[in-house]
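Q: Provide a 3D model corresponding to the input given below.
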Amino acid sequence: MILHIDFLDETDKLTDKDKEFISTVLEKAAVIENTGAAEVSVTFVTRERIQEINSEYRGKDKPTDVISFAMEEGDEELHIKGADLQRMLGDIIICHDVAKDQAEDYGHSIDRELGFLAVHGFLHLLGYDHMTDEEEKIMFSRQEEILSSLKLER
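A: Next up is the predicted model:
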């Protein structure tokens, strides 16, 4: 396996099927993005908890769907001669309730929404962003490529 995923479910709503699905989505993203051996943490939280995190780290006192915290910053890489180290990419935090609401609003499945949020968070861990139109075009193109490869189109 190219990607090790640590799951934490603070909602008690995550099923084994959900974990398998998110694993499949993120493993495909890791292959397409050529991450090499890597590790990521995926945590599912309540609406209240994601609002606390969003307020504390982004200054936005409202619930959101996904937040990522990257472990790798900048362009420097650590190289140790003779070592084959696994990269720790960071944390993806998803609010299952917001994802469910958004799936209903957009008229697609919860799987499609969870897949989208997982890929979106994963790409942020790899340094993609959408602060400018050009960054958004690049990031959203990568998202759609990954989601399409999994047949998760809207």
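Q: any low-confidence regions in the chain?
A: Within the chain, the ranges that satisfy pLDDT under 70 run 1, 73-85.
Q: what's the end-to-end length of stretch 101-115?
A: Chord length of stretch 101-115, first to last residue, is 14 Å (C-alpha to C-alpha, to the nearest Å).
Q: list the buried residues of that stretch.
A: For stretch 101-115, the neighbour count (16 or more other C-beta atoms under 10 Å) marks 102-103, 108, 111-115 as buried. Glycine gets a C-beta too; all of them are placed from N, C-alpha and C.
Q: quick one: contacts of it?
A: Residues from elsewhere that reach stretch 101-115, judged by C-beta atoms under 8 Å, 6 or more residues apart in numbering: 18, 21-22, 25, 65, 94, 96, 99-100, 147, 150, 152-154.
Q: in helices, which of the buried residues of stretch 101-115 appear?
A: 102-103, 111-115 (DSSP state H).
Q: buried ones in stretch 45-57?
A: Quick answer for stretch 45-57 (16+ other C-beta under 10 Å): 45-46, 49-51, 53-54.
Q: for it, give me every contacting residue.
A: Taking C-beta under 8 Å, 6+ apart as the rule, stretch 45-57 contacts 10-11, 60-65, 67, 69, 93-98.
Q: the same query, at a cut-off of 10 Å, please.
A: For stretch 45-57, the external contacting residues (C-beta atoms under 10 Å, 6 or more residues apart in numbering) are 8-13, 43-44, 60-67, 69, 93-98, 101.
Q: mind giving me the PyMOL select for those residues, buried ones only?
A: Of these, the buried ones go into a single PyMOL selection, burial set by 16+ other C-beta under 10 Å:
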select buried, resi 11+43+44+63+64+65+66+67+93+94+95+96+97+98
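Q: among the contacts of stretch 45-57, which are in helices?
A: Using DSSP H, the contacts of stretch 45-57 in helices are 96-98, 101.
Q: ok, so of the residues you listed, who is nearest residue 128?
A: Proximity of the ones in helices among the contacts of stretch 45-57 to residue 128 (C-beta to C-beta) peaks at residue 98, which lies at 21.0 Å.
Q: give me the nearest residue to the closest one, chain neighbours excluded.
A: Nearest non-adjacent residue to residue 98, counting by C-beta to C-beta, 6 or more residues apart in numbering: residue 65, 4.6 Å away.
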